[in-house]
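*Asks:* how would this look folded up:
(2 chains)
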Protein chains: 2
Amino acid sequence: MDNVNELDLLQDVAVLTEQIMNIESVSGNEREIADQVHQALLKLEHLEVHRDQDAIVARTNFGRERRVVLAGHLDTVPLPRTEGAKGTVPAQVIDGVLYGRGATDMKGGVAVQLALAAELKDAKYDVTYVFYDHEEVEAAKSGLGRLAKNSPELLEADFAILLEPTNGTVEGGCNGTSRFVIRTHGKAAHSGRAWMGHNAIHDAAPILQRLADYQPQTITVQGLDYREGMNAVRISGGIAGNVIPDYCEVEVNYRFAPDKTLAQAEALVFDLFEGFEIERTDGAEGAKPGLDQEIAADLIRILGQEPKPKYGWTDVSRFSALGVSAVNFGPGDALLAHSDDEHVAQEDIRTCLKSLRSWLS
Amino acid sequence: MDNVNELDLLQDVAVLTEQIMNIESVSGNEREIADQVHQALLKLEHLEVHRDQDAIVARTNFGRERRVVLAGHLDTVPLPRTEGAKGTVPAQVIDGVLYGRGATDMKGGVAVQLALAAELKDAKYDVTYVFYDHEEVEAAKSGLGRLAKNSPELLEADFAILLEPTNGTVEGGCNGTSRFVIRTHGKAAHSGRAWMGHNAIHDAAPILQRLADYQPQTITVQGLDYREGMNAVRISGGIAGNVIPDYCEVEVNYRFAPDKTLAQAEALVFDLFEGFEIERTDGAEGAKPGLDQEIAADLIRILGQEPKPKYGWTDVSRFSALGVSAVNFGPGDALLAHSDDEHVAQEDIRTCLKSLRSWLS
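*Replies:* The predicted structure follows:
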């Protein structure tokens, strides 16, 4: 698509959002949007620009004592499959609301990053703008993870903001997430002679019962309430309609508050399913809110809104693991992310830009 | 394979079995074996031969008062996928045991039918020999079902024997079978905000618990004990590893004794899963043993063995539906059917032939 217009980073940030929404960038297909962002940033003389595959890092060198990161991912989840869904590409504007894939997650945030990168030729802090690929897919592919591995020095900072949608407030830290597979084993037999076998699906009854009975906790960390979740996300078992099933597998997702390490979360789940074969298949620790430092307090004061906990796991915890306190703050409602009618008010994108401009100036 | 030898129906019946085992006839591929059987039967002047696709019916016209059917299917289940499995094609003979696909299910039985068709130029009853396709696949494709629909007059008889493997004894009637899908519905949500959704897999806990608690019955019909079975044969639910599942489906197979109609079986299952959405997806009634008539009593007397109940659903119930009492009687162990080392003792095939010859003479 060589005919796509060059990005104009200084135009109305809502129009800029629409322009980058129209560059389809479902995970794995970020090349074009990365090229456009890269080209636009290379034109800005106050920035030092690095590229690693489809991830781009642009850094100011104002000589400030402290440095902040503004980070966002370039990819989106796949386009809606529902006919007539509004959350698709190209974007539509209806009554001041921008509809389309990426509207909330998170091309509005990326547009705010790009606008600040272009306009802030001086600031209170040095700023590192990070744009990356493969956020919406398995962790192993993450562009931010790749940057952290290949060039951790580019991510060094005193504080980071991920411009994921938070409806204009600061969401601190995030829950951890972990996945487990719990298995039962039976003995296959023809279902006409069921007594020759042993039914593994029937054996899974107590697994589901323990899940149904489990009361998830709410845990307060640095003044924010983190709601946990313990859920079966998948179950499968059975070979054929006339065979006693010899296995059943239940996949459980435990979302845990940032008061726990991954090891503590694992111990809790192993305890809950005592007596069953269980394996942890995935896991990432959460991040504490990180609101206990001056840079963060400054931002919260400017916004004039109470910070909230972040429930979902976000890349905040990757910064946390690098020793950089991080929060989420971006335009749009996270509940609309990935939905068939993903949308964001144009004004919310402009307000987010104003708030960050004010904080950085 | 034009080079396959013509079938010699008067040779040792165990060698004949081996010869027809070597004509691979996995369901859908019965053409060649049907052609060979058809050609061999056409040469026998005492038989009136009909063909319907890959099903062949050959009838004697001895002018007897009563007529019996000897029926068997020409197809087999697919070849074993396990390397080194013995139950494949071509057959092997090891120490008087014939290994290979179809050994028990049911080329031994088919060979006995063919041997009797060739040698019995007179008999106590008129005999209808039925060879058919597509027994091992969905009921809609059944060659016997097609014959019953297209030419029911060809199947008219006073008694029928299906030469399915019964280890040399008579197995009377069969259980019915029925399948149900029981569904729970939830509300999808991101698993990081589980409280926005409702978990359909957790709701399935009581379905599995009722199955685990259920005590299957044993029911005596005409002196034979029919063991029932109530089993989950499949479970599935879940959309993705980070989504609260909005559905869960449990497929249940109820095998019921021939004292019940399909409607009665359905009522029992609907009652067991009261409170859940449930749908019957499949069902076939069983057949009563049919041992209460003279022709059958005669056979049992000759064998000198107690008859047994048949647990699996077999085509006996198709004859039952046509008003023809039917039993299973054939060489080989039904437990080896479909297995990777399907086999039958050569002597068992010869013994089965002798018994039926004695009964018919």
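
*Asks:* How about the residues of the stretch 51-200 of chain A by chain B?
*Replies:* When proximity is defined as CB under 8 Å from any CB of the partner chain, the stretch 51-200 of chain A approaches chain B at A:175, A:177, A:179, A:190, A:191, A:192, A:193, A:194, A:195, A:196, A:199. C-beta here means a position set from N, CA and C on the backbone, and glycine is covered the same way.

*Asks:* If any of the residues you listed are buried, give me the PyMOL selection for them.
*Replies:* Of those, the buried ones go into a single PyMOL selection, burial set by 16 or more other CB atoms under 10 Å in any protein chain shown:
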select buried, chain A and resi 175+177+179+190+191+192+193+194+199
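
*Asks:* Tell me the one of the residues of the stretch 51-200 of chain A next to chain B nearest residue A:51?
*Replies:* Set against residue A:51, the nearest of those by CB to CB is residue A:177 (29.8 Å).

*Asks:* Just the element for the closest one, please.
*Replies:* Take DSSP states H and E as the rule and residue A:177 turns out to sit in strand A:176-185.

*Asks:* From the contact counts, what lies against that strand?
*Replies:* Taking 3 or more CB pairs under 8 Å, 6 or more residues apart in numbering or on different chains; DSSP states H and E as the contact definition, the neighbouring helices and strands of strand A:176-185 are helix A:200-203, strand A:247-256, helix A:262-272, strand A:277-284.

*Asks:* What I need now is those written out in JSON lines, including mean neighbour count for each item.
*Replies:* Rendered in JSON lines, the data for these read as follows (neighbours: other CB atoms under 10 Å in any protein chain shown):
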{"stretch": "helix A:200-203", "mean neighbour count": "24"}
{"stretch": "strand A:247-256", "mean neighbour count": "24"}
{"stretch": "helix A:262-272", "mean neighbour count": "15"}
{"stretch": "strand A:277-284", "mean neighbour count": "14"}
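
*Asks:* possible to save the ones you listed as JSON lines with mean pLDDT?
*Replies:* Shown next, in JSON lines, are the helices and strands packed on strand A:176-185 (pLDDT from 0 to 100):
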{"stretch": "helix A:200-203", "mean pLDDT": "98"}
{"stretch": "strand A:247-256", "mean pLDDT": "97"}
{"stretch": "helix A:262-272", "mean pLDDT": "97"}
{"stretch": "strand A:277-284", "mean pLDDT": "94"}
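
*Asks:* is it possible to export those to JSON lines including distance to residue B:48?
*Replies:* Formatted as JSON lines, the entries for the helices and strands packed on strand A:176-185 read as follows, by distance: least, CB to CB, whole Å:
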{"stretch": "helix A:200-203", "distance to residue B:48": "51"}
{"stretch": "strand A:247-256", "distance to residue B:48": "52"}
{"stretch": "helix A:262-272", "distance to residue B:48": "71"}
{"stretch": "strand A:277-284", "distance to residue B:48": "62"}
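
*Asks:* closest to residue B:39 out of the ones you listed?
*Replies:* strand A:247-256 (46.9 Å).

*Asks:* nearest to residue A:88, of the helices and strands packed on strand A:176-185?
*Replies:* Between residue A:88 and the helices and strands packed on strand A:176-185, the shortest separation by CB to CB is 28.1 Å, and it involves strand A:247-256.

*Asks:* roughly how far is that closest one from the heart of the chain?
*Replies:* A distance of 21 Å separates the C-alpha centroid of strand A:247-256 from that of its chain, computed with CA atoms, centre = their mean, to the nearest Å.

*Asks:* Within the sheet, what are the partner strands of it, with directions?
*Replies:* strand A:176-185 (antiparallel), strand A:229-237 (antiparallel) (DSSP bridges).
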